[in-house]
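[1] based on what follows, work out the 3D shape:
(one chain, ligands or ions: 1)
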Amino acid sequence: VNHLLGIKYLNTEDIKLIFETADHFKEVINRPIKKVPSLRDITIANLFFENSTRTKLSFELAEKRLSADVINFSASQSSVKKGETLIDTVNNILAMKVDMVVMRHPNPGASVFLSQHVNARIINAGDGAHEHPTQALLDSYSIREHLGEVAGKKVAIVGDILHSRVALSNIFALKLQGAEVMVCGPKTLLPKYIANLGVKVETNLEKALQWCDVANMLRVQNERMEVNYFPSTREYTQQYGVTTNLLNKLDKQITIMHPGPINRGVEITSEVADSDQAIILNQVENGVAIRMAIIYLLASKIKQ
Ligand code: CP
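    Sure, this is the predicted structure:
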């Protein structure tokens, strides 16, 4: 594997290696001196054509913890605004002797396209509604850490599946590791092809929560929708918002996850998001170790 473009290009052994490497880096970043000198000779460009808080900062921190040189690019402040193409932009950045590119882009397939046209290692930091592989890896890593293993666990991915790159990457990653996966949401937010991916499909939130060990709550991505999309926010919250009342009705304690950013009071109440059942900030913490592992493993190929 020369790039990380999506989970669909990985196999079970790749994920195992990433997790074992992340275990090592998690230990490193909890030491008083959080840095290792491994990538002193590597330069990485973080290209964000779409907004981000967690992914952007987590990649930058992971790169700095590995002692790589880092440059950051935000499309909204760049010559993209003057009409420069993606390939021209990236080739100009690579001319400054950059080895690796981390890219978030609003168009599905943008990372694959880039990997076919430029000479650098590419990491997909989210491409439209397609894939968000590092998010899925940190999600599975967090389930492994919290519940011991991913194999055999029942994971419900709840919410706006139609517009979610997190859902697709999680489905691929969880199934590769032997988890059972259910998607739950209103019919209008469930893509027609979803049942072909070998997942259970449920439209009733209470039934999904009763079934699962882990519920990964997704944000409704209003920015990817036409106006007046059904259901409205109020209808969505009534039918698909996770509340303490709903969780107390279950005959077991389930684990609550969320990739962020949270719409508090829409898909999840603050009481649930901030409860002991939620591992949302553990996911964010693990994101740094997972991204260190991925960058380290790809950089080792540059050095070969
Ligand atoms: N989870 C996630 O991708 O968050 P950001 O959009 O803030 O990076």
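[2] what packs against the longest helix along the chain?
    Secondary structure of the chain per DSSP state H: the longest helix is helix 280-303. Under the contact definition 3 or more C-beta pairs under 8 Å, 6 or more residues apart in numbering; DSSP states H and E, helix 280-303 sits against helix 12-29, helix 54-65, strand 100-105, strand 121-127, helix 133-147, strand 255-257. Where C-beta positions appear, they are placed from N, C-alpha and C, glycine not excepted.
[3] now look at that helix and say if it contacts the ligand.
    No: figure legend: helix 280-303 not in contact with the ligand (C-beta under 6 Å from any ligand atom); closest approach 8.2 Å.
[4] tally up the residues packed near residue 251, please.
    By the criterion of other C-beta atoms under 10 Å, residue 251 has 5 neighbours.
[5] quick one: low-confidence ranges for this structure?
    Applying pLDDT under 70 to the chain flags residues 224-229, 303-304.
[6] what does the stretch 51-200 of the chain have sitting close to the ligand?
    52, 53, 54, 55, 56, 126, 135.
[7] so what's the last one up against?
    When the contact criterion is C-beta atoms under 8 Å, 6 or more residues apart in numbering, the partners of residue 135 are 55, 126, 165, 166, 169, 170, 259, 287.
[8] circling back to that earlier point, with distance to residue 272 as extra columns, can I get the helices and strands packed on helix 280-303 in a markdown table?
    Compiled in a markdown table, the helices and strands packed on helix 280-303 are given as follows (distance: least, C-beta to C-beta, whole Å):
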| stretch | distance to residue 272 |
| --- | --- |
| helix 12-29 | 26 |
| helix 54-65 | 19 |
| strand 100-105 | 28 |
| strand 121-127 | 25 |
| helix 133-147 | 16 |
| strand 255-257 | 6 |
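[9] any chance of JSON lines for the contacts of residue 135, columns distance to residue 152 and neighbour count?
    Output for the contacts of residue 135, formatted as JSON lines (distance: C-beta to C-beta, whole Å; neighbours: other C-beta atoms under 10 Å):
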{"residue": "55", "distance to residue 152": "29", "neighbour count": "24"}
{"residue": "126", "distance to residue 152": "29", "neighbour count": "25"}
{"residue": "165", "distance to residue 152": "26", "neighbour count": "23"}
{"residue": "166", "distance to residue 152": "22", "neighbour count": "26"}
{"residue": "169", "distance to residue 152": "20", "neighbour count": "26"}
{"residue": "170", "distance to residue 152": "16", "neighbour count": "30"}
{"residue": "259", "distance to residue 152": "23", "neighbour count": "26"}
{"residue": "287", "distance to residue 152": "24", "neighbour count": "27"}
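[10] how far away from the center of its chain is stretch 281-290?
    Put simply, stretch 281-290 sits 11 Å off its chain's centre (C-alpha atoms, centre = their mean, to the nearest Å).
[11] list the buried residues for it?
    By neighbour count on 16 or more other C-beta atoms under 10 Å, the buried set for stretch 281-290 is 282, 283, 284, 285, 286, 287, 288, 289, 290.
[12] restricting to C-alpha, output that stretch in CSV.
    Extracted C-alpha coordinates of stretch 281-290, given in CSV (Å, rounded to 0.1, in the frame of the first residue of the first chain):
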residue,chain,number,x,y,z
LEU,A,281,-12.9,12.4,23.5
ASN,A,282,-11.1,9.0,23.6
GLN,A,283,-11.7,8.8,19.9
VAL,A,284,-10.1,12.2,19.4
GLU,A,285,-7.2,11.2,21.6
ASN,A,286,-6.6,8.0,19.7
GLY,A,287,-6.7,9.9,16.4
VAL,A,288,-3.2,11.2,17.0
ALA,A,289,-1.7,7.8,17.6
ILE,A,290,-3.5,6.3,14.6
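[13] what ranges do the strands span in the stretch 101-250 of the chain?
    Applying DSSP state E, counting those that start in this stretch to the stretch 101-250 of the chain gives strands spanning 121-127, 154-158, 180-184, 200-202, 214-217.
[14] can you list these in TSV and add distance to residue 246?
    Formatted as TSV, the strands of the stretch 101-250 of the chain follow (distance: least, C-beta to C-beta, whole Å):
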stretch	distance to residue 246
strand 121-127	29
strand 154-158	11
strand 180-184	12
strand 200-202	14
strand 214-217	10
